[in-house]
Structure formats: structure tokens, C-alpha cells
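**Q** sequence first, then the predicted structure:
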Amino acid sequence: MTNNRCSWVPVNDVLYQEYHDYEWGRPVHDDKKLFEMLILEGAQAGLSWITILRRRENYREAFNNFNAEKIAAYDEEKIQSLLLNEGIIRNEKKVRSVVTNAKAFLNIQKEYGSFDKYIWQFVNYEPIVNSWKSHDEVPAQTEESQAMSKDLKKRGFKFVGPTICYAYMQATGMVNDHTVDCFLYGK
């Protein structure tokens, strides 16, 4: 028996299938994982998600397994070494944004007690479950992702436009955009 997946998942790409089947659209409440996905979604800007997904292990290694405290303390020497790392996207603005975002992330944790408590407020602490018939119906951004983007930017985050925020919401299960014909719809 084959499972019907969302149409954006390539039939012959096991990595993409596993991401779709076991991660995408599933609610995430772990701060470290929420930080990782925010960084990876920002790294994706202007690129395809599979480009980042195939480099995810390199990102984990390069950025201390997304330990925000360690990343926030990166100095110029560390940043320069990251810019030479062929395993990640070596865009200087994106690399520097990881450090900036780590600092802003830690500030939110201090203010709210957890990043989870902060970020899930944009969906009233409940996943939004949509009922799209096809991937073409899925919006690139929503009022919620626009509000999230605006607030994150106000707090100093970089690479958090409303489209990136919507992809982040999908990736972390704040929004479930599995199409109605997908075997994961409604789960």
C-alpha cells in the first residue's frame, strides 16, 4: 500500500518523504527544535527547502547543535570560520543573522519563560488545521504569519519575513497544511 502524500513531496526522495511524514505539520513545543527550525527556515530564503534539508546535519554541526547560548557568544573569528564552511549556505547576512537571532531568542526566553510560550501565541496556542484540496490553494503568508514577522522583527530577528514565518508555522505544526488527499490530513 502506498500512502498518498502532499503533492510537493517528490516520489523518489526518501529524505523529503521522511521529513513530510514525521516532521512537517507536527506540533513542536521544544524550544531547541523551535530555534533550529527558525534558523533553517531563514537559511532557506531564496532557496528550495530540500537544499537546506540536505544540509541540516551540517548546520547542526556548524552551529553547536543549535545551542542558542553558545551561538549568541560567537565572535568574529567563529563567524569567519562559518563563512568558509562548505556544508552550509555561506551567505554572510544569513550566517550573521543566526547569531543575532540567538540573542533575540534568549531575550524572549527570559521574558516569556520559554520561546514556545511566546511563538505559539500567534495561533492562540492551538494548531490551525486547514482543508486545502491542492497545494496551489496554500497561501504563502497569512495574517498570523504577518503578525509573527512584525513582532519578531521588532525584537531584532533577521530573515523572518511573513513568507518565512508561514513556512516556519507549517514546519513546526502551528499550521497543518497537509492537503485533504494526504494520508496525514486530520492526524
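**A** Sure thing, it's come through.
**Q** listing request: residues of this protein with sub-threshold pLDDT.
**A** 1-2 (pLDDT under 70).
**Q** find the residue at the geometric middle of the chain.
**A** Met37 (3.2 Å; CA atoms, centre = their mean).
**Q** who's in contact with that residue?
**A** Val28, Tyr168, Ala171, Thr172 (CB atoms under 8 Å, 6 or more residues apart in numbering). Any C-beta I mention is one placed from the backbone N, CA and C, and that applies to glycine too.
**Q** next: Gly173.
**A** Taking CB under 8 Å, 6+ apart as the test, what Gly173 contacts is Gly25, Arg26, Pro27, Val28, Pro127.
**Q** in a markdown table, list those residues along with neighbour count.
**A** Formatted as a markdown table, those follow (neighbours: other CB atoms under 10 Å):
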| residue | neighbour count |
| --- | --- |
| Gly25 | 23 |
| Arg26 | 14 |
| Pro27 | 14 |
| Val28 | 19 |
| Pro127 | 17 |
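**Q** pull out the buried residues from the longest helix along the chain.
**A** Ranked by residue count under DSSP state H, the longest helix found in the chain is helix 92-112. For helix 92-112, a neighbour-count test (16 or more other CB atoms under 10 Å) marks 94-106, 108-109 as buried.
**Q** hey, where'd the helices end up in this protein?
**A** 14-22, 31-44, 49-53, 56-62, 68-72, 76-82, 92-112, 115-119, 143-154, 162-171.
**Q** same for the last one, what does it pack against?
**A** Okay, so that is helix 162-171. Helices and strands touching helix 162-171, by 3 or more CB pairs under 8 Å, 6 or more residues apart in numbering; DSSP states H and E, are helix 31-44, helix 143-154, strand 175-176.
**Q** residues in contact with the nearest residue to Gly156 once chain neighbours are set aside?
**A** Spatial nearest neighbour of Gly156, excluding adjacent residues (CB to CB, 6 or more residues apart in numbering): Ala104 at 4.3 Å. Applying CB under 8 Å, 6+ apart to Ala104 gives the contacts Leu152, Arg155, Gly156, Phe157.
**Q** quick one: which of the helices of the chain is nearest Asp181?
**A** Of all those, helix 14-22 sits nearest to Asp181, with 13.4 Å by CB to CB.
**Q** residues of the closest one that come out buried?
**A** By neighbour count on 16+ other CB under 10 Å, the buried set for helix 14-22 is Tyr16, Tyr19, His20, Asp21.
**Q** identify the residues contacting the third one.
**A** The contact partners of His20, taken as CB under 8 Å, 6+ apart, are Arg5, Cys6, Val9, Leu184.
**Q** which of those fall in strands?
**A** Counting by DSSP state E, no part of these is found in strands.
**Q** tell me which two in these are the farthest apart.
**A** Val9 and Leu184 (10.4 Å).
**Q** returning to what we had before: what about the longest helix of the chain, distance to the chain center?
**A** 14 Å (CA atoms, centre = their mean, to the nearest Å).
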